[in-house]
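A.B. asks: generate a structure from the sequence data that follows.
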Amino acid sequence: MRAAKIFVKEAAGHGFLEDINQVRVDLYGSLALTGVGHGTPGAVLMGLEGESPELIDAKRIPSRVEAIKSTSVLNLGGKSKITFEYEKHMKFHMAEVLPQHPNGMRITCFDKEGDLIATNEFFSVGGGFVVNDLMRVPPKFLKAPPKPTTVKPVVDAPSAAGSAHSDSKIENVFQMSTKDDHLTTMLPFWDAQSLLEVCERESLTIAEVVFRNELQWREADEVKRRTLSIWNVMDQSIANGVSSQEEFLPGKLRVKRRAPAMYRKLMKGYAEYAGMNLVPKSQKTITASGGTQLGSTGRTKKSELKLAYNNLVHIPKEMKKHLPALDWISMYALAVNEENAAGGKVAAIGMLYKRGASISAAEMGCQGEVGVACSMAAAAFTAVMGGSVLQVENAAEIGMEHNLGLTCDPPEGLVVIPCIERNALAAVKAITAAQLALNGDGTHRVHLDQVISTMRQTGLDMMSKYKETSQGGLAVNVPVC
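C.D. replies: Below you'll find the predicted structure:
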């Protein structure tokens, strides 16, 4: 979605959005092999219509995608209706991979005569991040001087058919300069060791180091606003997951939802005892000031349970035996992942994995996604529990060390099996990793940098059929009816 919106935004910025009569999307490698199961085509279509992941109503995506398929009409950028025949204009190149990254996509647009207006390649590198090449535009379509950071004028335009190797010279788009290259971080670090040294030298926590670096790009209020926006999306996913009325998750696998039943079971008795309402207040969001904000449902009674982590639920002693902590962790993890499957990190720790390895399952297998998430969650939990910088690093290391070699092999490309249970187990593992770290003094034999290096080497050695392609493992051994 983000990549498609970038394409539309650049087309509008260069003045040729209204000239576009046809758009073609080519998905390569992992995006083609597991794209349908991951919801990639629908996300691309929504991006072409000008939507963004942060603001779109995810529940409306399926119906909007079906409308585009049935009518063959796409509202480009939300402004211009063009013909889009799904089978003709959305192409899956399962046997081809763009050389820069296994998660590759090319978007190309044409005028009413069929002449190419512009084309660009995008790469999903994990964690919601997108890297793109310079947009190729024939000079006759440029209505403004080309910006060297976004456009590369071309004389011989690629054909409408497209090719995974259309350029005679492959460029490394991951090392191209950007408009923000003149900005530097206040407290630079490049691996875990250098991060620990910065924390010790400046007497700062890891979170404080990252926050000060973020201030080089944006104001403090904006950093908080964006962070809380992400938090609220995750919180909403949990609320949607535990309150869903659907029995099965979408797709041919016919997997039953478990989070709603687990939620009701855990709350039975406890809610009645406390006089609480079992219905999660999913309209509630967290504000930058730390307070809460309700939607149009009006006031809520003080005794009602609000499903958000900033509202602590104090369980009476006599009820604790009925509410094992790990059951709650599992329920929340199942809820958020079941909701993501139906629709669809401590920052510094994630940065270390991005720099030293990858957070893309198409490159590293599931160790690059669930493994990294587990490591980040372990570090975050240790930090909020008052752990030292060394203990935080130790927790992150434990979280990844015991996810090394994890494959990504979802049947039908659906983010259901083994993804949902795997995330739930990783959530519990993150808590255990944090507990181990908090019970030590921060000294340990295996260090985070060593584990990240090992993860990268393991990912490079891993066969491609185990890296988000649905060509091996459970994907070929679990029957799909």
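A.B. asks: report the buried residues of the longest strand seen in the chain.
C.D. replies: In the chain, taking DSSP state E as the definition, the longest strand is strand 116-126. Neighbour counts over strand 116-126 (16 or more other CB atoms under 10 Å) mark Leu116, Ile117, Ala118, Thr119, Asn120, Glu121, Phe122, Phe123, Ser124, Val125, Gly126 as buried. (Each C-beta comes from the backbone N, C-alpha and C, glycine too.)
A.B. asks: between those, which sits nearest Glu246?
C.D. replies: Ser124 (27.7 Å; CB to CB).
A.B. asks: picking that back up, turn the buried residues of strand 116-126 into TSV, including distance to Pro410 and pLDDT.
C.D. replies: Formatted as TSV, those follow (distance: CB to CB, whole Å; pLDDT from 0 to 100):
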residue	distance to Pro410	pLDDT
Leu116	35	93
Ile117	36	93
Ala118	34	93
Thr119	30	94
Asn120	28	94
Glu121	25	95
Phe122	22	95
Phe123	20	93
Ser124	16	89
Val125	19	86
Gly126	16	83
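A.B. asks: between these, which sits nearest Phe7?
C.D. replies: Closest to Phe7 out of these is Asn120 (5.9 Å), distances taken as CB to CB.
A.B. asks: hang on, the earlier thing: which other helices and strands does the longest strand of the chain contact?
C.D. replies: helix 2-13, strand 103-110, strand 129-132, strand 135-137, helix 361-364 (3 or more CB pairs under 8 Å, 6 or more residues apart in numbering; DSSP states H and E).
A.B. asks: relative to Glu412, which of the ones you listed is closest?
C.D. replies: Of all the helices and strands packed on strand 116-126, helix 361-364 comes closest under CB to CB, at 15.5 Å.
A.B. asks: what's the closest one in contact with?
C.D. replies: 29-31, 101-103, 124, 126, 357-358, 368-369, 371, 408, 455-456, 458-459, 462, 467-469 (CB atoms under 8 Å, 6 or more residues apart in numbering).
A.B. asks: figure out how far stretch 243-260 is from the centre of its chain.
C.D. replies: With CA atoms, centre = their mean, to the nearest Å as the basis, stretch 243-260 stands 21 Å off its chain's centre.
A.B. asks: which parts of stretch 394-412 are buried?
C.D. replies: Buried residues in stretch 394-412 (16+ other CB under 10 Å): 394-403, 405-412.
A.B. asks: mind checking which of those are in helices?
C.D. replies: Among the buried residues of stretch 394-412, the ones falling in helices (DSSP state H) are Asn394, Ala395, Ala396, Glu397, Ile398, Gly399, Met400, Glu401.
A.B. asks: what angle do strand 103-110 and the longest strand of the chain make with each other?
C.D. replies: 160 degrees (axes from the mean of the first three to the mean of the last three CA atoms, to 10 degrees).
A.B. asks: pretty sure Ala347 is in contact with Glu208, am I right?
C.D. replies: No: under the criterion of CB atoms under 8 Å, Ala347 makes no contact with Glu208, lying 11.5 Å away.
A.B. asks: so which residues of the stretch 151-300 of the chain form strands?
C.D. replies: 151-153, 285-286, 292-293 (DSSP state E, counting those that start in this stretch).
A.B. asks: so who does the residue nearest to Leu195 when sequence neighbours are not counted touch?
C.D. replies: Closest residue to Leu195 apart from its sequence neighbours, by CB to CB, 6 or more residues apart in numbering: Phe189 at 4.1 Å. By CB under 8 Å, 6+ apart, the contact list for Phe189 reads Leu195, Glu197, Val198, Val209, Ala348.
A.B. asks: what would those look like in CSV with distance to Gly442 and pLDDT?
C.D. replies: What follows is the contacts of Phe189, written out as CSV (distance: CB to CB, whole Å; pLDDT from 0 to 100):
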residue, distance to Gly442, pLDDT
Leu195, 14, 95
Glu197, 14, 96
Val198, 16, 95
Val209, 17, 91
Ala348, 16, 87
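A.B. asks: which ones among these lie within helices?
C.D. replies: Per DSSP H, the contacts of Phe189 map to helices at Leu195, Glu197, Val198, Val209, Ala348.
A.B. asks: circling back to that earlier point, most tightly surrounded among the helices and strands packed on strand 116-126?
C.D. replies: helix 361-364 (a mean of 27; mean count of other CB atoms under 10 Å).
A.B. asks: about what we covered before: just want the angle from the longest strand of the chain to helix 2-13.
C.D. replies: For strand 116-126 against helix 2-13, the angle by the same axes, to 10 degrees is 150 degrees.
A.B. asks: coming back round to it: show me which of the buried residues of strand 116-126 is closest to Val36.
C.D. replies: Distance to Val36 across the buried residues of strand 116-126 (CB to CB) is lowest for Ser124, with 15.0 Å.
A.B. asks: show me the contacts for that closest one.
C.D. replies: By CB under 8 Å, 6+ apart, the contact set of Ser124 is Ala3, Leu31, His101, Asn103, Met105, Val130, Ser360, Ala362.
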